[in-house]
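Novice: quick check, what structure comes out for this input:
(2 chains)
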Amino acid sequence: MLNSIKIAFRNTLRNKRRTLLSVFAIAIGAFASLLIGSFVASVNQGIQTQVARSSGHLQIHKKGYFDFGVGSVGEYGIEKYDEIISKIKSDEVGNYINVITPTLTISGIAGNYAKESSQTFVGLGFVASEQLEMQKWDGYNLNMPSTDMILKAYKNGGLIGQGLAKNLSFCKELNIKECKEKKAKINTNPIDNDIAGFAIEEETSSVPTVSLLVASAKGAPNIINLPLEKVWSQQNKEMDDRFIAMPLKTAQMLLYGKGEKRVNTINIQLKSPDDIALVSQKLEQFFSLNHLDLEVIKLDEFNPQINKVVGMFTVIFAFVSVVIGLIVIFTISNTMTMSIMERFNEIGTLRSMGLRRAGVRTYFLLEGSIIGIFGATFGVFLSLLTTTIINNVGLMWTPPSVAEPTKLVFNLLGNPSLIFGIWLFLIVVSVLSSLLPAVRASRMKIVDALKYD
Amino acid sequence: MKSDNIVTFKNIHKSYLLGEHEIKALQGINFCVKKESFTFIVGKSGSGKSTLLNLIGAIDTPTKGSIMINNTSIDELNDDELSDFRASNIGHIFQNFNLMPVLNVYENIEYPLLMINQPKEQREAKVNEIIKAVGLDGLEKHIPSELSGGQRQRVAIARALVNEPALVLADEPTANLDSVTSAEILSLMTKMQKEYKTTFLFVTHDADIMHMADEIFVLKDGKLTRGEEDVK
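Specialist: Sure, this is the predicted structure:
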C-alpha cells in the first residue's frame, strides 16, 4: 500500500499545473464552505447566547402553562418556588446549572396619563442580581456585548422597551435619541376619575413614572406607579413596543396582591449548552420523584425563532455545499480523466505485468484522495487565516433576532466538527469523483491500452 | 503430466472486427515452444506476430482454441487469476521499453516483486543482483528520462527477469535502438537467458539476428509456415 501511495503521489506531480488547479479548486470549495458553515454556526450560537442570557437554556413551568398559560397567568403560578429552586440546587442536577432564577410574566395596560398615552404591555418580574449573572454567560466564547451595563446600574424601578417608551411619550425623560413626542390629543373621552388621579400624581414627580394596570389572579384590578430607570431595547419590535421589566416582588404584588407569591417560570442557565438534553431529562425525573406538577421546556421550544433562523441559514449552507460538491466532482473527474488518457500505455504495461483491475482502480482513487487531502487541508488553513483576520478587524453587523449591532464573528476554531466534516466531505467527494474514471481505466483491454504511446 | 513445452497452442483462431469487416489475424495455429529455448517468431507487418505474442502473454484471449502456458490452461482462468498468472510466470520486454516514468531504475525493477509480495530483504537482494547483471550499477536512482535507449532497455530486461518468470516475451526489443546498442542488448539477453534458465520468445523481423535462435517460427497471413509439425 505504501508503494501504491508513493506511486500515486508522484503521479499527481507529473502535471503540476493541472494538479495545482484541482487542489486550488478544492481549497476554494473548502474555504467557502467553512466560511459559510462557521458563519451559520456563529449565528446559531449568537442567538442561543442571547436567549440563554435572557431566559436561560431551560424553563420550568407548571404543566399546561406553555400551552394555555398566556390566557390565564395567575392560574399557572408555581407555588413554593423558592423551595423548589433550593432542592434543584442541592440535587445532583445542580452541578450542571450556572444560574437558576424565577421570573413572573404579567400583562395589562401601561399608561403615561400626563401625556394621555396608554398601551398594552408585557411585564417581566425578575431578580436583577441573578439576571446580571445570566448576562455574563459566554459558553461559545463569542465575546458578544451584553446588556449587563443596564442591569449593573439597575436599582429597583422599571426598565422599559424603547418602542413602548416612545409610544408612552417618555422620550425626553428617558433621553431617547431620534424620538418624536406624540402630540397630545384633545380630550374628547375623559379618563375615568380614579385613574386620572395617577396622572395628577405623575405630573408632580421628577422621576418618569409609568402606571400599570393589571387584572390580579383573582380578577380584581391592581394598579401601581412604577418609576422608570432606563430603556432596555428588546430583540424584536413587537416585544420592544410592549416590554416593561420590574422587580419580581412588584410583579407579584400586581398579580397576587397580598396573597401567596408565585412565579410562572423558573429559568435555568446551564454551564454548558451541550447538557440541555441531559439536564432536561434529569429534571423530569426530579419532578416525578418529588411529585411536582411541573414540566421542562427547552431553549428551542420556548424560542422557536432559533430553529427558523438556523434552518434558513442551514438551507443556504446546504445549497452552497451542493454547488461546491458539484464543482469538485467536475474538477477532479476532469483531472483524473485527463490523467488516465495520458497514461493508457502505462495502465496496459502494469496490467500485462500482473496488476489486477483493483490495483489500477486503487492507483487512481489514491491520486484523487491525495489531491482531495491537499486541497481540503489547504482550504482549512486558508479559512482559519481569513476568519482570524476578520474576527480581529472588528466588523459589526446586526444578526437576526438581536437588537443591537454586534461584532461579526466566524467561530471556526470553536467548531472542530465543522472543520473535520467539510475536510472529510471534500476528500470523500474527490475520491468518489475519481471512481468512475478509475473503473473505466481498470476495465480497458490490455492490448488496446498498450497501443497508446 | 508435465510437458517439456512452456507454450502449447492448439488450433488457435483469433479474429476481430475492423468496422464491418472481420479480420482473421490467426487461423488455426498449432505450435509449441520448448522450455529454456531462445525462440523467434518472425513475419512481415500484419502477419499476426503481435496478436500471437499477446495471446502467449495472456493479455488477450483467442476466438477459438486452447492455450497451455507453463502447464496451466489459461483459458480457464478469470481476470484476477490471469493477472496473478502473468505476475508469476511471464516477463514482458517492449519495443518502447514501457518503464514507469515516476519510478527510478531500482523501483522499476523492484515493481514485479512487489506484485508477488516478496519480502523486502529478498527484494533488495534480487534487485541489486540483477542491476549488477545488466550493468546498471550506479544508475539506481535515475528515472527513465535520464537514461539512454540502451540503458532503458536494460532496465526493461532486468524488470522482466527479476521475478524469474518461466517465459519472457520480447516484442521487437531492438527496434528503437542503434545497431551497436542492439547487439549489446541481444548479447545481454542471451546471457541472461542462460543465467536465469528462462525461455525467451522473440518477435522480430530483423533477419540479421536469426542465427541466435534455437527455434524459429514464421507467420504469414495468420498462419504458421514453419514449426507446425512440432505439435503433431
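
Novice: residue A:374 contacts residue A:24, correct?
Specialist: No. Between residue A:374 and residue A:24 there is no contact under Cβ atoms under 8 Å: 9.8 Å. For glycine as for every other residue, the C-beta is placed from the backbone atoms N, C-alpha and C.

Novice: of the two, who's got more company?
Specialist: Each of residue A:374 and residue A:24 has its neighbours counted (other Cβ atoms under 10 Å in any protein chain shown); residue A:374 has more, 21 against 15.

Novice: which SS class is the residue of chain B found nearest chain A?
Specialist: The nearest approach of chain B to chain A comes at residue B:87, 2.4 Å away (Cβ to the nearest Cβ). Three-state call for residue B:87 (DSSP: H, G, I helix; E, B strand; the rest coil): helix.

Novice: what sits closest to it if chain neighbours are left out?
Specialist: Nearest non-adjacent residue to residue B:87, counting by Cβ to Cβ, 6 or more residues apart in numbering or on different chains: residue A:354, 2.4 Å away.

Novice: check contacts around residue 11.
Specialist: The chain I'm using is chain A. Residues near residue A:11 by Cβ atoms under 8 Å, 6 or more residues apart in numbering or on different chains: A:339, A:343, A:363, A:367, B:102.

Novice: that's the wrong chain, I wanted chain B
Specialist: Contacts of residue B:11 (Cβ under 8 Å, 6+ apart): B:28-30, B:64-66.

Novice: relative to residue A:240, how far out is residue A:109?
Specialist: 17 Å (Cβ to Cβ, to the nearest Å).

Novice: so the two - more neighbours on which side?
Specialist: Per other Cβ under 10 Å, whichever of residue A:109 and residue A:240 has more neighbours is residue A:240, with 21 against 16.

Novice: test my guess that that one contacts residue A:176.
Specialist: No. If you go by Cβ under 8 Å, residue A:240 and residue A:176 don't touch, sitting 11.8 Å apart.

Novice: Three-state assignment for residue A:222, please.
Specialist: Taking three-state DSSP as the rule, one finds residue A:222 in the strand state.

Novice: who's it bridged to?
Specialist: When bridges are called by DSSP bridges, residue A:222 pairs up with residue A:214.

Novice: and it, how many neighbours does it have?
Specialist: Neighbours of residue A:222 under the rule other Cβ under 10 Å: 18.

Novice: residues in contact with it?
Specialist: Contact analysis of residue A:222 by Cβ under 8 Å, 6+ apart lists A:213-216, A:253-255, A:257.

Novice: ok, now how distant is it from residue B:12?
Specialist: Here the criterion is Cβ to Cβ. By it, residue A:222 lies 109 Å from residue B:12.

Novice: how near is residue A:75 to chain B?
Specialist: 78 Å (Cβ to the nearest Cβ, to the nearest Å).

Novice: picking up where we left off before, so who does the residue nearest to residue B:87 touch?
Specialist: Residue A:354 neighbours (Cβ under 8 Å, 6+ apart): B:83-88, B:90, B:112, B:115-116.

Novice: chain A contacts on chain B?
Specialist: Within chain B, the positions adjacent to chain A are B:54, B:57, B:59-60, B:79-80, B:83-88, B:90, B:92, B:94, B:96, B:98, B:100-103, B:111-112, B:114-116, B:159 by Cβ under 8 Å from any Cβ of the partner chain.

Novice: restricted to helices, list those residues.
Specialist: B:54, B:79-80, B:83-88, B:111-112, B:114-115, B:159 (DSSP state H).

Novice: could you look up the SS state of the most centrally placed residue in chain B?
Specialist: Geometric centre of chain B, nearest residue: residue B:169, 0.9 Å, by Cα atoms, centre = their mean. When classified by three-state DSSP, residue B:169 comes out as strand.

Novice: I'd like to know which helix or strand in chain B has the lowest mean pLDDT.
Specialist: Lowest by mean pLDDT, DSSP states H and E among the helices and strands of chain B is helix B:179-196, with a mean of 81.

Novice: quick check, nearest of the contacts of residue A:11 to residue A:101?
Specialist: Closest to residue A:101 out of the contacts of residue A:11 is residue A:367 (59.5 Å), distances taken as Cβ to Cβ.

Novice: the closest one: how many residues sit nearby?
Specialist: Count around residue A:367 with other Cβ under 10 Å applied: 30.

Novice: hmm, it is touching residue A:337, no?
Specialist: No. Using Cβ under 8 Å, residue A:367 is not in contact with residue A:337, being 11.8 Å away.

Novice: could I get the full set of strands for chain A?
Specialist: A:58-62, A:97-112, A:117-126, A:158-160, A:209-215, A:221-231, A:243-247, A:265-270, A:294-298, A:396-397, A:406-407 (DSSP state E).

Novice: burial count for residue A:291?
Specialist: Neighbours of residue A:291 (other Cβ under 10 Å): 6.

Novice: what about it, distance to residue A:83?
Specialist: 13 Å.
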